[in-house]
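# Could you work out the structure for the sequence below:
(2 chains)
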Protein chains: 2
Amino acid sequence: MTRQEIMMTMLRAAHEAAAALANASTEQKNRALTSLAATLRQRKSEILAENAKDVARARAAGRSAALIDRLTLNEARIEGAAKDLEHVAALPDPVGEVFDLTIRPNGLRVGRMRIPLGVIGIVFEARPNVVIDAAALCLKSGNAVVLRGGSEASYSNNVLGDAVADACAQAGLPAAAAQVVRDTDRELVLTLLQARGLVDLVIPRGGEELIRFVDEQARVPVILHYKGVCHVYVDRDADLAKATPIIINAKVQRPGVCNAMETMLIDAPTAERYLPEIARELQERGVELRGCPVSRRIVPSMKEATEDDWYAEYLDLICAVRVVNGVDEAMAHIAKYGSSHTEAIITENYTTASRFIQQVNSSCVAVNASTRFNDGGELGLGAEIGISTTKLHAYGPMGLRELTTSKFVVLGSGQVRQ
Amino acid sequence: MTRQEIMMTMLRAAHEAAAALANASTEQKNRALTSLAATLRQRKSEILAENAKDVARARAAGRSAALIDRLTLNEARIEGAAKDLEHVAALPDPVGEVFDLTIRPNGLRVGRMRIPLGVIGIVFEARPNVVIDAAALCLKSGNAVVLRGGSEASYSNNVLGDAVADACAQAGLPAAAAQVVRDTDRELVLTLLQARGLVDLVIPRGGEELIRFVDEQARVPVILHYKGVCHVYVDRDADLAKATPIIINAKVQRPGVCNAMETMLIDAPTAERYLPEIARELQERGVELRGCPVSRRIVPSMKEATEDDWYAEYLDLICAVRVVNGVDEAMAHIAKYGSSHTEAIITENYTTASRFIQQVNSSCVAVNASTRFNDGGELGLGAEIGISTTKLHAYGPMGLRELTTSKFVVLGSGQVRQ
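The predicted structure is shown next:
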């Protein structure tokens, strides 16, 4: 068989496994997850040894410290993954849930029942933990999963793939329920992305280049987000005692993630009195500020922001700052430069807050709260497989429910249509 | 400007109009719909005159009677369209609806708010009523719509497009909220289907060839259904007094639609005593039966079914008949030959009904009810823009709600992430 044929064989096996998984019991799926947690703990040293090969190869190749950090597993990370598996096992099973049940005038009982999507492809880069995270959420939601990671993490991905396969077998789930693609040839990603009728959804996880490649080449549905250019807007009616901790949290707590603030917008009447204070708070925490001309008049220590800064996802201790005239100008800035990810307003004004909530159509819109809350766990989804800025199907964090669809169920007693 | 440039200008205008429509009030959107209803009634003779040109052209070209029927408008159909507009105006506005509201342990109030998708493209054939139906549902759900109909209906589509534009203007909605593409060059369909970033969803409505073209060429999300190969399975534990009217209704009431039964499956123990009776009932109503060898032994007047018959969407008074051994064989047949559209089981057995409901993953699964109920109106959606057999985003009939997505809304009082 050619490599493509091997890949197609895997996808057909996943498609068949999906039919069995759709009818697997909650107990069976949970057993697979708790077995996997136990397996990770038992085979810890083997997993760390394989991971060390990936890390050594990345160091030898002179890869960046950030990549090596994402690549590296250690005892704490393996234990964290095991605990996450037990957490997902404890979440309610979305499959079979019936909602929107109504009784029609003719007596028909009509409801919607959640069912799995089928086969989910995950295309990711140098984060071996994705094998475990994604397998857990896909299996729990009754979907078969095909995991195609980057070659940098191949030793780690393969040993983790073995652990997942063993856990599925122990729970009586099909071997093809969760498969790691061991051949990291890039052509095979295309095979996955274009397998219409066999793959129901692809979720890419990685840098912008990978996301763009998946988005441009896919012929199957894709849910993704490119980047998070998140804004905090400090309104003229803000309670500044709330603004300061929120802005610091949004920018500083974890600057390298997609829901960190990248641009701060300040209403003109507030800027004169508040910008010096918040600028100092941020600068004291190592944040480099890049401001518009008005901001720089008020705080001359800021660098000058260029047009590119308004579009930038720094993922770093850098923050663009712009003074705007009121909420409408703030919303216009967000509409032009934003990435539909997360925006927050700080205000005590009911009408201003309502307008911001209603008119800003990013995946998450917050009043008087940090942008960092746009996260499946924080918003109550239990866990997340990623955040979508694709409007169709799921917008915002995707939990177990977002990995399902629903069919109509009609319970009759002999009704016919008039 | 080239034709492509004109089309792109229309799409950019739609994209801008979508931002305004997302914030249009319910009252404004309803006013557009009721104005349109009034306009249709006022301009009835003008519309009928334009439609007559399309009909005359189709007759001169020797088009089929079915096409001419779909193409033809008359007073009753225009009045029906006006009434449908008033009905959609009376439905609740999905935009702004907040659901799944929870309070997190840190006091954050988290909910999901429905928002429009943006720009919806409708690609359709010789059914001018689609201009009105689709515009009504898209506008009510806050979406801009670009309508590209077949050249056979161009006179009708254009005059109806004028009426829609006037109604939008009367309600203060942007002129580009609902646009009819007047240039019916096929290349421009490609421009529409590939306008990533400007078109959020395309829904094709027409024959299988059109659907396939859209599905293969689109680079924007598409929701569609190819065909409805719907099954009724008569179980060994069926109440035959329920079975007969359901089967007759599913096959005969309106054979030309996608939710009509195409294949009847009968459990072997029932077939011996029931097949002669139901075959006679169907044959008396003009239905041609095509059976498997067992069926033909029991009812020799049936034609022989070939393998192609199990896949066939007849849309006519023809029915394939197969005797199966129990619900598992029925479900295996549906999994192999079905189109994920609509399936019904006739049974009094609780466990058998439960298994069918849970294991058959078509967009609508019914117990003791006609397949003809898979319809937005009948299932309580108020209206429908079509039926989806695409699992992602919407599966089954699509009403106003299915033309929206939802964003997360977070109401805080100063919370930051720990």
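# If we go by neighbour counts, what in stretch A:75-85 is buried?
For stretch A:75-85, burial by neighbour count (16 or more other CB atoms under 10 Å in any protein chain shown) applies to A:77-78, A:81-82, A:84-85. Where you see a C-beta, it was placed from the backbone N, CA and C, and this is true even at glycine.
# my bad, stretch A:91-107
Buried-residue list, stretch A:91-107, by 16+ other CB under 10 Å: A:91, A:93-96, A:104.
# neighbouring contacts of it?
A:22, A:26, A:29, A:109-116, A:140-142, A:382-383, A:400-401, A:403-404, A:406, A:409, A:412-413, A:415, B:358, B:378-380 (CB atoms under 8 Å, 6 or more residues apart in numbering or on different chains).
# what's the distance between A:Trp310 and A:Leu198?
41 Å (CB to CB, to the nearest Å).
# who's more crowded, these two?
A:Leu198 (22 against 19; other CB atoms under 10 Å in any protein chain shown).
# and the one residue in the stretch 251-400 of chain A that gets nearest to chain B, what pLDDT?
Nearest to chain B, among the residues of the stretch 251-400 of chain A, is A:Ala369, at 2.8 Å (CB to the nearest CB). You'll see A:Ala369 listed with a pLDDT of 98.
# What helix or strand is the nearest residue in space to it that is not next to it in sequence located in?
Spatial nearest neighbour of A:Ala369, excluding adjacent residues (CB to CB, 6 or more residues apart in numbering or on different chains): B:Gly412 at 2.8 Å. Assigned by DSSP states H and E, B:Gly412 falls within strand B:404-415.
# what comes up buried for that strand?
Buried-residue list, strand B:404-415, by 16+ other CB under 10 Å: B:404-412, B:414-415.
# Of all pairs in these, which one spans the longest distance?
B:Thr404 and B:Gly414 (30.8 Å; CB to CB).
# For A:Leu21, see how far away A:Ala135 is.
12 Å.
# Return the residues of the stretch 301-418 of chain A in contact with chain B.
By CB under 8 Å from any CB of the partner chain, the residues of the stretch 301-418 of chain A that approach chain B are A:335, A:357-359, A:361-370, A:372-375, A:378-380, A:391-393, A:395-397, A:405-417.
# Show me the residues you listed that map onto strands.
Among these, the ones falling in strands (DSSP state E) are A:364-369, A:396-397, A:405-415.
# Domain map for chain A?
A:3-224, A:230-372 (automatic domain parsing).
# what's the closest of those domains to B:Val252?
So among the domains of chain A, domain A:3-224 is nearest, using CB to CB, at 18.9 Å.
# can you tell me the average pLDDT over that closest one?
Mean predicted lDDT for domain A:3-224 stands at 96.
# Centre of the chain to it, how far?
14 Å (CA atoms, centre = their mean, to the nearest Å).
# Close to chain B: what parts of the stretch 151-300 of chain A are there?
A:200-201, A:221, A:239, A:241-242, A:245-246, A:248-250, A:253.
# State the pLDDT value of A:Ile248.
For A:Ile248, the predicted pLDDT is 98.
# now it, nearest residue through space, not along the chain?
Closest to A:Ile248 by CB to CB, 6+ apart is A:Glu281, at 6.1 Å.
# Over to A:Ile122?
A:Ile122's closest residue in space is A:Ala134 (CB to CB, 6+ apart), at 4.6 Å.
# give me phi/psi at that neighbour?
phi -70, psi -40 (degrees, to the nearest 10).
# you'd agree it is up against A:Val145?
Yes. Counting by CB atoms under 8 Å, a contact exists between A:Ala134 and A:Val145, whose distance comes to 6.1 Å.
# Burial check on A:Gly172, number of neighbours?
Neighbours of A:Gly172 (other CB under 10 Å): 12.
# The nearest residue to it once chain neighbours are set aside - how many residues pack around it?
With CB to CB, 6+ apart as the measure, A:Gln28 is the residue that lies nearest to A:Gly172, at 6.0 Å, once sequence neighbours are left out. By the measure other CB under 10 Å, the count of residues near A:Gln28 is 15.
# Buried residues in the helix or strand where A:Gln28 lies, which are they?
Here A:Gln28, judged by DSSP H and E, is contained in helix A:26-42. For helix A:26-42, burial by neighbour count (16+ other CB under 10 Å) applies to A:29-40.
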